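In: Fold the following and give me the result.
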Amino acid sequence: QVQLAESGGGLVQSGGSLRLSCAASGLTFGTFSRYAMMWFRQAPGKEREWVAGITNGGRTTKYADSVKGRFTISRDDAKESVYLQMNSLKPEDTAVYYCNGPSWPPPNPGPHWGQGTQVTVSS
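Out: Below is the predicted model:
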């Protein structure tokens, strides 16, 4: 059974940085490297929204306009992990962040979700 586990969330001041990690497990060897992966987020009282995506091999990355230039998605297939580096954080980035896959193109989600990690940005 495929499992995704996010980590790295926390409380940070406006303008600060965080790096989220998502580790996959339950996959046969080499499967993760074929997965396109994404990050979504859900703020209180709002619908879940797509944030960033990365294709298998990492050749293509895409970002929501709201995070473009501030967030960077990356992957390490040897560690079966995907990352989200978040810089210049704003209070409106406060949300629960979810790892998702496999799916492409965005914003269509895949079948597997992590449990989420809370990111809170104080002003």
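
In: Any idea which residue is closest to the centre of this protein?
Out: The chain has Trp39 as the residue nearest its centroid, 2.8 Å off, counting by Cα atoms, centre = their mean.

In: Does it touch Tyr97 like I think?
Out: Yes - if you go by Cβ atoms under 8 Å, Trp39 and Tyr97 touch, sitting 6.1 Å apart. Heads up, the C-betas are built off the backbone N, CA and C, glycines and all.

In: any residues in contact with both of those two?
Out: Residues touching both Trp39 and Tyr97 (Cβ atoms under 8 Å, 6 or more residues apart in numbering): Leu20, Val51, Leu84.

In: Just those: which are in strands?
Out: Those of the shared contacts of Trp39 and Tyr97 mapping onto strands are Leu20, Val51, Leu84, per DSSP state E.

In: and the last one, how many residues sit next to it?
Out: Okay, so that is Leu84. Applying other Cβ atoms under 10 Å, we find 26 residues neighbouring Leu84.

In: any idea how far the residue nearest to the centre of the chain lies from Gly10?
Out: Trp39 is 16 Å from Gly10, where distance means Cβ to Cβ, to the nearest Å.

In: Start and end of stretch 13-20, how far apart?
Out: End-to-end distance for stretch 13-20, by Cα to Cα, to the nearest Å: 16 Å.

In: what's it in contact with?
Out: Stretch 13-20 is touched from outside by 6-10, 12, 39, 83-91, 97, 99, 117, 119, 121-123, with contacts defined as Cβ under 8 Å, 6+ apart.

In: Look up how far Arg41 lies from the nearest residue to Gln42 once chain neighbours are set aside.
Out: When the adjacent residues along the chain are set aside, Gln42 lies closest to Arg48, with 4.2 Å between them (Cβ to Cβ, 6 or more residues apart in numbering). Taking Cβ to Cβ as the measure, Arg48 falls 7 Å from Arg41.
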